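Q: Structure here, sequence nowhere to be found:
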């Protein structure tokens, strides 16, 4: 995993990740928020899922870096936004790429059919998943950094 900043896992903990991804998962899986939060809490205990979510956030943070916005400033803004808004993150729009990220979560949790595993292992599936993780990260940043 190539993190944007070594501070990222300390700023957004596993518990924070479970909470901020839960609304999007609830929307995609048609479950209530509490059920989605419980599932995300289980999912983020998988090192593979944790790495994937941090990779998506890192890619989105790199996209936001500019000549006037550096790593420390972005992480500081993310930290402040997390404190203020983490319980109010809205669900991301369900695009094909974000749906691929939700399929990855469902596969980890055992809620997706086995045939979905093969779909994410193709070249197109891997690209869609990478785009989905980056798009999910960008959505989370937009909700947290205002």
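A: Everything's here; your move. Only a predicted model underlies this, so the values are computations on that prediction, with no experimental measurement involved.

Q: List the buried residues for stretch 22-35?
A: 22, 23, 24, 25, 26, 27, 28, 29, 31 (16 or more other Cβ atoms under 10 Å). Heads up, the C-betas are built off the backbone N, CA and C, glycines and all.

Q: Would it be right to say that the last one lies in a helix?
A: Same thing as residue 31. No. Residue 31: not assigned to a helix; according to DSSP: H, G, I helix; E, B strand; the rest coil it is coil.

Q: check contacts around it.
A: 25, 39 (Cβ atoms under 8 Å, 6 or more residues apart in numbering).

Q: Now it. Its backbone dihedrals?
A: Backbone torsions for residue 31, taken as degrees, to the nearest 10, come to phi -120, psi 160.

Q: Report the separation between the nearest residue to residue 12 once chain neighbours are set aside and residue 56.
A: Distances taken as Cβ to Cβ, 6 or more residues apart in numbering put residue 82 closest to residue 12, at 6.3 Å, once the chain neighbours are dropped. Relative to residue 56, residue 82 is positioned 16 Å away (Cβ to Cβ, to the nearest Å).
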